[in-house]
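>>> any chance you could fold what I've pasted below:
(one chain, ligands or ions: 1)
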Amino acid sequence: MPYTFELGPIRPPSEAYSILIRVTRNCPWNKCAFCHTYKDQAFSRRPVSDVIADIDAIYTIARRILDTAEKSITIHTLQKAKGNDDTPLYYYEQVAFWLQYGMKSVFLQDANSLVLSPKDLCTILSHIKNRFPTVERITSYARALTISKKTREDLHAIRQAGLTRLHIGMESGSDTVLSLVNKGGTQAQLIDAGQKAVEAGFDVSYYYMPGLGGKEYMEENAIQSAIVINNVNPTFVRLRSTVPIPGTPLYEMMEHGTWTPLSEIEKVNEIRLFIEHLQGITSILTSDHMMNLLEDVEGIFPHDKDRMLAIIDDFLAMSKEDQEKFIIGRRVGIYRYLNDYYPNFKIDQLYYSIKQQYGNVDKAVLEILKNFI
Ligand code: SF4
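Model prediction:
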């Protein structure tokens, strides 16, 4: 009998060292105008018995690897541990990677595990904890609206059963923008959900999408989003700069002229406005995604607020040509941080050829970023 387990398409970058356990398939909402991840995929809850079987398969593979490994885990270890069973080696590789990082974290897929009944979710969480006592963190994506509808008692029970961190897509705190992109919730619900999750003891990650309101609602997107964060004080605020993806309603809105994307420089201005309005919080702000231009804008509030603003101001004080050269270098992988910027013949050549081909840098950047998604 092969020891396989089902895997969904995505996880947050911060879950790179987690084992993935799929408890639902796809997204029960699936209507956000900017999102393409589960497009045309029907949502379903996986039977609890199937999820338990997956956890047991991971356990069996982990046991076999640990029983076989001598000093280190090599491909030879995995082949030997697998022996004659029909499991594709891929599953052994997934578990081996997790073993090498100490089997400390688990991520529940897909888009909103909290739609499961508290009883089913707690059964799954308890089984993970029983099978893998080394696990310190179990994490999931969760929709604010779903959390908002849960009772405080249910959230406490889920937290006590072992779910420790929730990744919540706020995206925007503006009711206008939320409605524009069909997010299906309001600022009041975002605040209520966040406060309930924090009160239940979860580490909460709130995602904010600079640029989601387009040029039309840039200021509102920044300021209203900051209001949500100030009221929730999540553990993490994660920046996800908006990039319109072909095939999404947002992309169509752009084509029809009803939503105007921000340039890279405008997105930096929006992030500045957002950070400027954050107050009274102790959250960690991260730029842990390639879509963000200034990866160095990271820190802990309130201590690092001025430093983060100073990095942004350094960028905004550069000449337009230097800004655009940095943008190109960052997008093609030559620069990572603003401090990495230096005059570079290769970038100069690229800059002039992009100007010639696209007319402006932002058009070229949109093309490059589409390929990252
Ligand atoms: S809730 Fe999340 S996964 Fe679902 S459509 Fe919206 S952004 Fe995509």
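>>> count the neighbours of the nearest residue to residue 62 once chain neighbours are set aside for me.
With sequence-adjacent residues excluded and distances taken as CB to CB, 6 or more residues apart in numbering, residue 62 is closest to residue 95, at 5.3 Å. All C-beta atoms are positioned from the backbone trio N, CA, C, and that covers glycine. By other CB atoms under 10 Å, 26 other residues sit near residue 95.
>>> how far away is residue 207 from residue 100?
According to CB to CB, to the nearest Å, residue 207 stands 29 Å off from residue 100.
>>> neighbour count winner among these two?
Counted by other CB under 10 Å, residue 207 and residue 100 do not tie: residue 207 has more neighbours, with 19 against 12.
>>> please identify which helix or strand holds the more buried one.
strand 203-208 (DSSP states H and E).
>>> for that strand, enumerate the helices and strands it packs against.
Where contact means 3 or more CB pairs under 8 Å, 6 or more residues apart in numbering; DSSP states H and E, strand 203-208 is packed against strand 165-171, helix 187-199, helix 218-232, strand 236-239.
>>> any idea how far that strand is from the middle of the chain?
Computed by CA atoms, centre = their mean, to the nearest Å, the separation of strand 203-208 from the middle of its chain amounts to 9 Å.
>>> now stretch 272-292
Worked out by CA atoms, centre = their mean, stretch 272-292 lies 14 Å from the chain centre.
>>> three-state assignment of residue 30?
coil (DSSP: H, G, I helix; E, B strand; the rest coil).
>>> ok, the closest residue to it other than its chain neighbours - contacts?
Nearest non-adjacent residue to residue 30, counting by CB to CB, 6+ apart: residue 38, 5.4 Å away. Residue 38 is in contact with 9, 26, 27, 30, 110, 111, counting by CB atoms under 8 Å, 6 or more residues apart in numbering.
>>> tally up the residues packed near the spatially closest residue to residue 247 that is not a sequence neighbour, please.
Among residues not flanking residue 247 along the chain, residue 36 sits closest, at 5.8 Å (CB to CB, 6+ apart). Neighbour count for residue 36, taken as other CB under 10 Å: 15.
>>> pLDDT score for the residue nearest to residue 30?
Note for residue 38: predicted pLDDT of 93.
>>> you'd agree it is in a strand?
No - under the criterion used here (three-state DSSP), residue 38 is coil, not part of a strand.
>>> can you count the residues close to residue 251?
When neighbours are defined as other CB under 10 Å, residue 251 has 19 of them.
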